[in-house]
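Undergrad: Predicted model and sequence follow; I will ask about them next.
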Amino acid sequence: MKHVIRFAGVCAMVLAGATSAQAEVLKIATEGAYPPFNYVDSDNKLHGFDVDIANALCERMKVQCSIVAQDWEGIIPALMAKKYDAVVASMIATDERKQKIDFTRHYYRTPLSVAVSRDSDITDAQTNFKGRTIGAQSSSTQAIYAEDHYGPAGADVKLYPTLDEANSDLATGRIDGVIADKFPLLAWVDSTGKDCCKIIGDVNGTTADASIAVRKGDDVLRERFNKALDEIVADGTYKKISSRYFAFDIY
């Protein structure tokens with residue numbers, strides 16, 4: 001009988017350990033409206049570079065990854081309210097955001113670029129767009145840049161909930177330009193916007209780090225992400241994922 005009891009106890013411990021090992025789930029938010037970094041397909045499933053990177057990091061950390069879509073303007077407040085554990089959504093680690101949340105090291109870098117219609121006479125991304133309308137996604141670094149630089153110089157800055165909406169208005173001639181991170185803007189101009197629009201160049205001095213966001217003070221999770229990121233870069237996993245979306249290095 002003692003052997004039976006001991007065996008039952010061992011089984012209980014093993015099962016408890018297995019349950020514990022399977023218990024950790026990281027809930028990660030992304031936008032779902034920022035192709036090719038994150039987007040929702042016709043089956044309402046999330047895809048994109050951010051999604052693939054998040055899954056690779058979770059696999060490396062040996063945790064289950066639950067990725068959810070969250071509108072951009074609410075993404076930081078929801079993180080702070082503990083609706084999820086981290087944000088992998090091409091978020092730029094700005095000084096203003098660092099006052100509210102913490103960031104890992106970068107997982108890619110991007111400058112700002114400007115797109116205009118193919119027949120536009122605007123040829124320089126540094127121009128002030130005086131008397132013109134330029135669009136940007138609200139609550140973004142590009143919106144801040146547009147309001148700080150183009151607005152005071154006489155441009156009408158129009159903000160949109162998503163980059164897709166800004167691009168759509170550019171395609172139909174409702175606005176004169178769009179300022180956005182280079183890589184999603186380039187992906188749009190090379191696909192949906194190829195017949196209407198063109199990129200006229202990068203905005204000098206705007207290259208910035210896209211990083212993973214965690215709650216303020218969550219140093220343990222931040223460093224786990226950093227370690228996993230170093231590992232997927234070192235073993236080629238990062239490059240393999242990146243090559244699905246880009247023919248050039250974005251790291």
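TA: Thanks, I have the structure now. Note that the coordinates shown come from a computational prediction; the quantities given were computed from them, not determined experimentally. Numbering: from 1, shown residues only.
Undergrad: how far away is the closest residue to G201 other than its chain neighbours from T141?
TA: Spatial nearest neighbour of G201, excluding adjacent residues (C-beta to C-beta, 6 or more residues apart in numbering): A125 at 4.1 Å. To be clear about C-beta, it is placed using only N, CA and C from the backbone, and glycine gets the same treatment. According to C-beta to C-beta, to the nearest Å, A125 and T141 sit 15 Å apart.
Undergrad: And A153, by the same measure?
TA: Distance from A153 to T141, by C-beta to C-beta: 18 Å.
Undergrad: Who has more neighbours out of those two?
TA: T141 (23 against 10; other C-beta atoms under 10 Å).
Undergrad: Next, count neighbours for D164.
TA: 17.
Undergrad: Need the pLDDT of it.
TA: Looking at D164, its pLDDT is 95.
Undergrad: close enough to count as contact, it and N38?
TA: No - counting by C-beta atoms under 8 Å, D164 stays clear of N38, with 11.8 Å between them.
Undergrad: can you pull the contacts of the nearest residue to K198 once chain neighbours are set aside?
TA: Once flanking residues are discounted, K198 sits nearest to R118: 5.4 Å by C-beta to C-beta, 6+ apart. Applying C-beta atoms under 8 Å, 6 or more residues apart in numbering to R118 gives the contacts 195-198.
Undergrad: Tell me the backbone dihedrals of R118, please.
TA: phi -60, psi -30 (degrees, to the nearest 10).
Undergrad: That one and D176: what is the separation?
TA: Relative to D176, and taking C-beta to C-beta, R118 is found at 13 Å.
Undergrad: that older thread, which of the contacts of R118 has the most neighbours?
TA: Within these, C197 tops the neighbour count with 22 neighbours, counted by other C-beta under 10 Å.
Undergrad: Now that one, what are its backbone angles?
TA: phi -140, psi 170.
Undergrad: Which parts of the stretch 51-200 of the chain are strands?
TA: Listed in chain order, the strands of the stretch 51-200 of the chain (DSSP state E, counting those that start in this stretch) span 64-69, 86-92, 101-110, 112-117, 133-137, 156-160, 177-181, 197-202.
Undergrad: Tell me which of these is the most buried.
TA: strand 177-181 (a mean of 27; mean count of other C-beta atoms under 10 Å).
Undergrad: Can you name every helix or strand that that one contacts?
TA: strand 112-117, strand 133-137, helix 141-145, helix 163-171 (3 or more C-beta pairs under 8 Å, 6 or more residues apart in numbering; DSSP states H and E).
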